[in-house]
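Trainee: need coordinates for the following:
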Amino acid sequence: MRRRRVGRRVAVFGPAAIVVICGVLSLGALSRVLATRATVAHSRNVLDATSAVLTSLLDAETGERGYLLTRDTVFLAPLQGARLRTEQALTRLQPLVMGRVDERGRFDTLAMRARERLASLDTAIADAQHGQAELAVGIVRHGPGKQLMDEARRQIAAIQASEENVLGARQRSEAAWRRAAVLIQAIGTLIAGLLALLVNRNFDRALRDRRVALDEAHSANERLQDQAIELEQQAEAAQLAAFEAEQATEQAQTALHAAEESERRAERLQAATEALSSALSLEDVSALIIDQAIAALGASSAALAALSDDGRVVRFVAMRGISVLKIGDTVPLDAALPLPTAMRRAQPVFVERVEQVREVFPEVVPRQAVDGVQAFAAIPMENGERVVGGLLIRFNAPHVFSPADRSFMSALSRIAAETFERARLFEAERSARTAAESANRAKAAFLASMSHELRTPLQAALGFAQLLRSGVFGPVNQEQGDALARVERSQTHLARLIDDIHDFARLEAGRVRVLLEAVAAKEIIDDLVPLVEPQAVVKNISIISRSTDGLVVAVDRQRMRQILLNLVGNAIKFTDPGGAVRIAARPDANRVRFEVQDNGLGIPADRLKEIFEPFVQVDDALTRTASGAGLGLAISRDLARAMGGELSVQSEPGKGSVFSVIFPAISD
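Mentor: Next up, the predicted model:
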């Protein structure tokens, strides 16, 4: 009897206890699902922040290169915006990685490299703004920018790889707890149902066994009914919870799919930016743009067109999968076609179904039917506020352009416009450079021919003047001798000018050969002094020479003498009588420095670079007092570079100049 009472109590209270236990377990499982979902969101925030840092750095590089190529300050605005976005992304990333020691170290390195990279971009732009274009380009070509960028990419890749591993583990944990919650609810519902069935059977047996106790059975039946209602309510609650869990799972899967799609497109944009940064020709840039668009959007065909300089004609420069057009075809900008319309309005055009094609652009229906086109997007390519081209992307099935699709195409068109404009500028610069090189070769050939043709009659005239002065053709009085001496000096000076022009022409044409040999620096200076002393004595200028023993350089002896003769001759020429010219050779680390110092007129700071250019002298006043073609320094610099050295100058007006020729030292 006691056993039956215990059994009845278990039958009555067992289902409720099972439901309560299952509810508690389900609540715990759902709590774990929410907790793991928060960690998954944290990992995605880390990935988004690192991608934002890399995208901002790439935008900054694009702005810098655009400015260096075009000198257009419009490129500085994207650079400043990229700088702000970089700092914002780093600020957003810092608290996200503080909880992990390994990622905190990578973040510190990434922040340092990113700021160093931005600083190198500022340096290059500052140099360009101060007229030091060659230095700015040198920083871009050979500076540490690429190493800094590569280091930043490596740190971002390391953070993303680490976070993706953690993300995978967290997603698996979330899925496991979600399945556990569903399983607990299902098992609880099943057990509750079985217990309900058992209760009904027990009460039926009790009714059959105890019909005599009708009142008690009726009361028990009412209690059972109440419990059955409660069980049904609990079952409905469990079913509702299961339905909500299923909805949450679907939402999580949708969000995960959207995040993965966004990540894939971000990677595609990054890959497109990297690929476009290395492409220079219009053809390569155009082909890369449409290939990236087709691959990212799953399109069937695409085309890219450029706007003519007069802004009236659209010319197709690249396409894929379009049979009714070919590269080079043109259409008027005012044509009622998708791409000209988008370019004319400077707004994208989206058509998602073939019915819309018939409504909006009925003229293109027959042409697009050939390729089976049912949807398309026409995106203008804008550089600043100017439309430079357009991108047409077509689909062979109806296509709904989601916000993510439109955002991706907008970003791709912006990157494409900047790269397209850069390629156009590069081709224009290359054409101009080719024309300049051709003109330079023609100039060098003319100078070489002219100097050769002038030298022969000049030498003959000089010879006859010397014969006349020597009395071969009869006696010559003092006045006639002085006149002939002036003729000889003028002809000798003219011959020297022609030799300079000839040497310059040979250097320009790359036909000057140097024979390097080991020569002591002291020997070079000792050989030089006797050659320049007569010129110095005429102007009452002191020649002071000194050289450190044991210094040896590999130079062409004759060419080295020519360089120093040019430098010392200029020093004497531009130094007032009573001045001094110092010639020295001294060690400089692992190099040997030859110096020619004077206390003459000096050179203004803004003219120091110009004096090494051909046919340039400091000013007209000097040109009148000191004759010359302005080729000596240009020839000397090119000869020094041909022998592996470098010629430089330091000067201050009124205090004189110091010209230095530096060569690597060798052991004797």
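Trainee: where does the closest residue to residue 358 other than its chain neighbours sit: helix, strand or coil?
Mentor: Ranked by CB to CB, 6 or more residues apart in numbering and with sequence neighbours excluded, the top spatial neighbour of residue 358 is residue 365, at 5.6 Å. From N, CA and C alone the C-beta is placed, and that goes for glycine too. Remark: residue 365 carries the secondary structure label helix [criterion: DSSP: H, G, I helix; E, B strand; the rest coil].
Trainee: report pLDDT for the closest residue to residue 560 other than its chain neighbours.
Mentor: When the adjacent residues along the chain are set aside, residue 560 lies closest to residue 524, with 5.9 Å between them (CB to CB, 6+ apart). What the model reports as pLDDT for residue 524 is 91.
Trainee: equivalent analysis for residue 22, please.
Mentor: Model confidence at residue 22, expressed as pLDDT, equals 73.
Trainee: contacts only, for it.
Mentor: Contacts here follow CB atoms under 8 Å, 6 or more residues apart in numbering; on that basis residue 22 touches 184-185, 187-189, 191-192, 238.
Trainee: can I get the residues you listed in a markdown table with secondary structure?
Mentor: Compiled in a markdown table, the contacts of residue 22 are given as follows (three-state DSSP):
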| residue | secondary structure |
| --- | --- |
| 184 | helix |
| 185 | helix |
| 187 | helix |
| 188 | helix |
| 189 | helix |
| 191 | helix |
| 192 | helix |
| 238 | helix |
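Trainee: between these, which sits nearest residue 398?
Mentor: The shortest gap between residue 398 and any of the contacts of residue 22 belongs to residue 185, at 40.0 Å (CB to CB).
Trainee: that closest one: neighbour count?
Mentor: Residue 185 has 22 neighbouring residues, counting by other CB atoms under 10 Å.
Trainee: tell me how far it lies from residue 244.
Mentor: In this structure, residue 185 and residue 244 are 10 Å apart, going by CB to CB, to the nearest Å.
Trainee: what does residue 574 give?
Mentor: When distance is defined by CB to CB, residue 574 is 93 Å away from residue 244.
Trainee: more neighbours: the two, which one.
Mentor: Shown here are residue 574 and residue 244; by other CB under 10 Å, residue 574 has more neighbours (20 against 11).
Trainee: ok, that one touching residue 596?
Mentor: No - at 11.5 Å, residue 574 and residue 596 do not qualify as touching, with contact defined as CB atoms under 8 Å.
Trainee: what sits against the closest residue in space to residue 424 that isn't next to it in sequence?
Mentor: Using CB to CB, 6+ apart and skipping the chain neighbours, the partner closest in space to residue 424 is residue 282 (6.4 Å). Residue 282 makes contact with 306, 317, 420, 423-424, 427, according to CB under 8 Å, 6+ apart.
Trainee: quick check: residue 282 vs residue 301, distance?
Mentor: Using CB to CB, one gets 20 Å for the distance from residue 282 to residue 301.
Trainee: sort out which residues of the strand or helix carrying residue 359 are buried, please.
Mentor: Of the helices and strands defined by DSSP states H and E, residue 359 is found in helix 354-360. Buried residues in helix 354-360, counting neighbours by 16 or more other CB atoms under 10 Å, are found at 354, 357.
Trainee: pLDDT averaged over the strand or helix carrying residue 152 - what is it?
Mentor: Of the helices and strands defined by DSSP H and E, residue 152 is found in helix 145-209. Per-residue pLDDT over helix 145-209 has a mean of 78.
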